[in-house]
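> When you get a sec, could you give me coordinates for this:
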Amino acid sequence: MVKRIFVGLIAGMISGLFTAGGGLIIVPALLYTLKLEAKKARATSLFCILPMVAVTAIFYGRSNFIRWDIGIRCAVGGIIGGIIGAKLLNHLPEKYLKIAFTIFLIYAGMNMMIR
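This is a model prediction of the structure:
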């Protein structure tokens, strides 16, 4: 139980600071620390992200950091993309999901270092 709360605590802090806690922190933690199977780790991560994002968005909104015009359009695209991604998760072999996730993390990391 302590491990699970610690994973959430770290992910929440990183989400609050850098807005990146779900896939970057929770999924690997669920996979390797808590030994969840990959599809369950991804789904559980999404469930964990929702309250973190809601609380963080409230604080960012109170500080007038949110561009609502951009945010609403991105949210619509995110909903559509989320539906597509969730359906694909059921059909793609685990091997390809791991490869795609690893490539994404490397790409994201390189982009952060370059910029």
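
> buried set for the longest helix seen in the chain?
Across the chain, the longest stretch assigned as helix under DSSP state H is helix 38-62. By 16 or more other Cβ atoms under 10 Å, the buried positions in helix 38-62 come out as 38, 41, 42, 45, 46, 48, 49, 52, 56. (Glycine included, C-beta is placed from N, CA and C.)

> cool, and stretch 27-38?
27, 29, 30, 31, 36, 38.

> hang on, isn't the second one packed against residue 5?
Put plainly, it is residue 29. No. Shown here, residue 29 and residue 5 do not form a contact pair, counting by Cβ atoms under 8 Å, at 11.6 Å.

> what sits against residue 89?
By Cβ atoms under 8 Å, 6 or more residues apart in numbering, residue 89 lies in contact with 39, 42, 43, 97.

> of those, closest to residue 18?
Using Cβ to Cβ, residue 42 comes nearest to residue 18 of the contacts of residue 89, at 20.0 Å.

> That closest one - nearest residue in space that isn't next to it in sequence?
residue 27 (5.9 Å; Cβ to Cβ, 6 or more residues apart in numbering).

> That neighbour: what's it in contact with?
For residue 27, the contact set (Cβ under 8 Å, 6+ apart) comprises 41, 42, 45, 101.

> now it: how far from residue 73?
Using Cβ to Cβ, to the nearest Å, we find residue 27 at a distance of 26 Å from residue 73.

> same question, residue 96
When distance is defined by Cβ to Cβ, residue 96 is 30 Å away from residue 73.

> picking up where we left off before, farthest-separated two in the contacts of residue 27?
Using Cβ to Cβ, these reach their maximum pairwise distance at 45 and 101, which is 11.2 Å.

> so what's in contact with the two at the same time?
Common contacts of residue 45 and residue 101 (Cβ under 8 Å, 6+ apart): 23, 27.

> Reformat the buried residues of stretch 27-38 as CSV; add pLDDT, secondary structure and distance to residue 82.
Putting those into CSV (pLDDT from 0 to 100; DSSP: H, G, I helix; E, B strand; the rest coil; distance: Cβ to Cβ, whole Å) gives the following:
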residue, pLDDT, secondary structure, distance to residue 82
27, 86, helix, 15
29, 87, helix, 21
30, 89, helix, 19
31, 88, helix, 20
36, 92, coil, 20
38, 85, helix, 18
